[in-house]
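> okay, predicted coordinates and the sequence, questions at the end:
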Amino acid sequence: MAATNTNVSGYDEDRVLATAQQIVKSLNTPKEVREDMLFILSTFDNRLSSIGTMINNDDSNVKNSRLDAAEKVILRWDPSSDQSRRSFNWEDSPEEAAEYLSAVDDILQLLEELSIGSESTDIVDRAENLIQMAMCQLESEFRHILIQSTIPLDAERLYGSIRRVHLSFASHYSEIDDEFESFGEETRSSGRFHERGATIGEDSWVDLIHPDAAVDLSEIADRMIRSGYEKECVQVYSTVRRDALDECLMILGVERLSIEEVQKSDWKFLDEKMKKWIQAVKITVRLILEGEKRLYDQIFNGANESKEVCFNETAKGCVMQLLTFGEAVAIGKRSPEKLFRILDMYDALAGVLRDLEAMVSDEFLISEAHGVLCGLGEAALGTFVEFENAIESENSKKAMQNAEIHPLVRYVMNYVRLLVDYSKTMNSLLEDEEVQGSPNKRDNVDNLQLESTSSPLARRLLMLLSSLESNLMEKAKLYEDVAMQFIFLMNNILYIVKKVKDSELAQLLGDNWLRRHSGQIRQYETSYLRASWSKVLSFLKDEGIGGSTSNASKVALKEKFKNFNASFEEICRVQTAWKVSDAQLRDELIISVSEKVIPAYRSFLGRFKNQLESGRHSGKYIKYTPDDLENSLSDLFEGSPVVSHHLRRKGT
């Protein structure tokens, strides 16, 4: 029995030894697990109570050993330490960088374990000091990598990231600018001002830092956040990237201008800045900030609050700089040449606002963006009203030479045609204005047509063109010759009609408008024929010849032919200097004149030429054949102030 007991005791000792060894092996397990194991084991035999003390001593020794090892790594790369061998170089030493991060992880794990137990504060203080030292080093490395890994951007690369869907109507812009030059002093400083901005495709992409660096930055950020240095990490990141974004705006040509500087700028300078701003808004939000957002997701993975705060702080500077310029333009002086640039700015900001809202959670910044957008919309409407007023009040008293198309008409129609390309935006803005009860100018406008027009822009354009036509009627009165008034009106109304037909204005204004104005041209043609040729044709009538065809007074016939010749020659002399630019209208006018004059002359000549040809000097009165007249009429409306080269005596 005793032997048995001895054997059992020896067996128990072996078990105790094995159990102790197993506990020692498990010292790297979490503190809670080790304590649970010791408690369970101690319930087996009171002889195990001494094992706890042994294990605790071993645990403390192991922790000190682990801390010593980590400390050796941290001090090796601390410039202020006596043990430092050289300055830290993360990129050139990836293995040592990994070792450094591993040392930090080990210290953080030790601190977590130490927070549970009742170990000496000396080891805790050592661990916390090492973490503080490591964080200073990591913060420095974080800044260094962030700066060094930033990929330099240039304008060509940024603009090259844009997929150009369309370049808007450069020829129209040039035409409008040309008309600005001739329309009036106030607009002569306008430059080429209407290349609409290109759009950015979904496949556009710009790398902001080298991809490999993002992994290193994420590793460092993770340690800093876990160590309680989140604020320092965010501050470094936002400071460095904020400077990078400011540089991007400089590359894109967006200067930091005050509101006062913008408002004092001349149009040529301002126009260039507005163009650059339009592109910068699109590139900044859809390329650069989108890239920044992806970068934040990589570097601050899992730290949602840090990402949000950091991104807001980084984006705020460049976005506010863009918004300040937009605000300055919105509250600046309004003049017609600015309208399309302002609309482009409005569209650019409206187009990126939803993307900006999805990225930025700063309520103030988003509120400012909405305020600037609203201001640009109001500026666009106000500028359009200025344009309407300018057309209505334009009262130049100089008649166009040769009854040609007035520069005002060219300017307005090219302006209006371009405005149609902004129909969606203008309709939205004008609809809001109509809801607010702004008065409409309905004078001289077909109210029935206005009522049947569903588009707010179409209604305003109908009123605008009506105002332009009224202006033309006043300008026509500058010509003393009534016939010339109708040529002037035909030239200008036809120009308006053709511009409408050749653009989306036709759909906007409708078929009724086109039919009515085409009929108006026909009426002006009839009025021209009456005013210019009625007197000439009166000399080819039988009244006043003193008898029948066979015994008409030769004196009266001679007077008839003499007056006809003089009147016809005078009209040809004057009207060859008049200009009808449209070839089809010119041909139609000549045909209309010929159809009235040539048959009447041929008939009159056929009835009475025998009575005059039998007498002396008949060629003095019967100077022209019908063919001579027809040839001379072909020179009408050439715009040349010379006597028709076709107008010559019969038989010469």
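Perfect, thanks for sending it. Numbers count the residues shown, from 1 in each chain.
> ok, Leu494 touching Asp582?
Yes: contact criterion Cβ atoms under 8 Å: Leu494 and Asp582 qualify, at 5.7 Å. Bear in mind the C-beta positions are built from the backbone N, C-alpha and C, glycine included.
> okay, and the common contacts of these two?
The contact sets of Leu494 and Asp582 do not overlap (Cβ atoms under 8 Å, 6 or more residues apart in numbering).
> compare these two and say which is more crowded by neighbours.
Leu494 (21 against 16; other Cβ atoms under 10 Å).
> which element is that one on?
Assessed by DSSP states H and E, Leu494 sits inside helix 482-501.
> list the contacts for the nearest residue to Glu128 once chain neighbours are set aside?
The shortest distance from Glu128 to any non-neighbouring residue, by Cβ to Cβ, 6 or more residues apart in numbering, is to Leu111 (7.0 Å). By Cβ under 8 Å, 6+ apart, the contact list for Leu111 reads 124, 127-128, 131.
> let me know the pLDDT of Leu111.
pLDDT recorded at Leu111 is 88.
> do the same with Ala399
For Ala399, the predicted pLDDT is 87.
> got the angle for the helix or strand where Ala600 lies vs helix 482-501?
Per DSSP H and E: Ala600 is located in helix 583-613. Put simply, helix 583-613 runs at 150 degrees to helix 482-501, going by axes from the mean of the first three to the mean of the last three Cα atoms, to 10 degrees.
> quick one: mean pLDDT for helix 583-613?
Computed over helix 583-613, the average pLDDT equals 92.
> need the next SSE after it, C-terminal direction.
helix 626-633.
> who are the packing partners of that next one?
Applying 3 or more Cβ pairs under 8 Å, 6 or more residues apart in numbering; DSSP states H and E, we find helix 626-633 packed against helix 554-575, helix 583-613.
> quick one: which of those is nearest Leu287?
helix 583-613 (49.8 Å; Cβ to Cβ).
> tilt between the closest one and helix 626-633?
Using the same axes, to 10 degrees: helix 583-613 against helix 626-633 is 150 degrees.
> how about helix 583-613: buried residues?
585-586, 588-590, 592-594, 596-597, 600-602, 604-605, 607-608, 611-612 (16 or more other Cβ atoms under 10 Å).
> which ones among the contacts of Leu111 map onto helices?
124, 127-128, 131 (DSSP state H).
> residues touching stretch 250-266, excluding its own?
153-155, 158, 189, 270, 272-273, 276-277, 279-280, 283-284, 321-322, 324-325, 327-329, 331-333.
> list buried residues within these.
Buried among the contacts of stretch 250-266 by 16+ other Cβ under 10 Å: 153, 158, 270, 273, 276-277, 279-280, 283-284, 321-322, 324-325, 327-329, 332.
> restricted to helices, list the residues you listed.
Using DSSP H, the buried ones among the contacts of stretch 250-266 in helices are 158, 270, 273, 276-277, 279-280, 283, 321-322, 324-325, 327-329.
> and those, which is closest to Leu633?
Leu270 (53.0 Å).
> can you tell me the helix or strand for the nearest residue to the closest one once chain neighbours are set aside?
With sequence-adjacent residues excluded and distances taken as Cβ to Cβ, 6+ apart, Leu270 is closest to Val262, at 6.9 Å. Take DSSP H and E as the rule and Val262 turns out to sit in helix 259-264.
> now do the buried residues in that helix.
Val262.
> report the contact partners of Ser594.
630, 633.
> follow-up on the earlier one: out of the helices and strands packed on helix 626-633, nearest to Lys231?
The nearest among those, by Cβ to Cβ, is helix 583-613 at 76.9 Å.
> ok now the closest one, how far from the chain's centre?
How far helix 583-613 lies from its chain's middle: 59 Å, per Cα atoms, centre = their mean, to the nearest Å.
> send over stretch 207-216 as PDB, restricted to the C-alpha atoms.
Extracted as PDB, the C-alpha positions of stretch 207-216 are listed here (Å, rounded to 0.1, in the frame of the first residue of the first chain):
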ATOM      1  CA  ASP A 207      -3.000  58.700 -59.100                       C
ATOM      2  CA  LEU A 208      -2.200  61.200 -56.300                       C
ATOM      3  CA  ILE A 209       0.600  59.200 -54.600                       C
ATOM      4  CA  HIS A 210       2.600  56.100 -55.600                       C
ATOM      5  CA  PRO A 211       0.400  53.000 -54.900                       C
ATOM      6  CA  ASP A 212       3.100  51.200 -52.900                       C
ATOM      7  CA  ALA A 213       3.300  54.200 -50.500                       C
ATOM      8  CA  ALA A 214      -0.300  53.900 -49.600                       C
ATOM      9  CA  VAL A 215       0.300  50.500 -48.000                       C
ATOM     10  CA  ASP A 216       3.100  51.900 -45.900                       C
END
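> what distance separates that stretch from the centre of its chain?
31 Å.
> contacts for that stretch, please.
Under Cβ under 8 Å, 6+ apart, the answer for stretch 207-216 is 90, 97, 145-146, 148-151, 217, 244, 288, 291-292, 295, 298-299.
> tell me the least confident of those?
Among those, Trp90 has the lowest pLDDT, at 69.
> low-confidence ranges, the stretch 251-400 of the chain, go.
For the stretch 251-400 of the chain, no stretch has pLDDT under 70.
> can you map out the helices along it?
For the stretch 251-400 of the chain, helices defined by DSSP state H, counting those that start in this stretch occupy the ranges 259-264, 267-283, 290-299, 304-330, 339-359, 363-393.
> okay if I get these as CSV plus distance to Trp533?
Output for the helices of the stretch 251-400 of the chain, formatted as CSV (distance: least, Cβ to Cβ, whole Å):
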stretch, distance to Trp533
helix 259-264, 58
helix 267-283, 49
helix 290-299, 71
helix 304-330, 56
helix 339-359, 45
helix 363-393, 34
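> and these: which comes nearest Val500?
That would be helix 363-393 among the helices of the stretch 251-400 of the chain, by Cβ to Cβ, at 16.0 Å.
> check the offset of that closest one from the chain's centre.
15 Å.
> swap in stretch 326-342?
14 Å.
> give me the buried positions along whichever strand or helix holds Val240.
Applying DSSP H and E as the criterion places Val240 in helix 230-251. Neighbour counts using 16+ other Cβ under 10 Å place 230, 232-238, 240-242, 244-245, 248-249, 251 of helix 230-251 among the buried residues.
> distance from that helix to the middle of the chain?
26 Å.
> the nearest residue to Glu308 once chain neighbours are set aside: neighbour count?
Leaving aside its sequence neighbours, Glu308 sits nearest to Ser361 (Cβ to Cβ, 6+ apart; 5.6 Å). Using other Cβ under 10 Å, Ser361 has 12 neighbouring residues.
> where does the stretch 51-200 of the chain have low pLDDT?
For the stretch 51-200 of the chain (pLDDT under 70), the answer is 51-60, 79-91, 116-120, 155, 157-200.
> can you do 90?
For the stretch 51-200 of the chain, the stretches with pLDDT under 90 are 51-71, 73-97, 110-127, 148-200.
> what segments of it are helices?
In the stretch 51-200 of the chain, the helices defined using DSSP H, counting those that start in this stretch lie at 94-114, 121-148, 155-160, 170-183.
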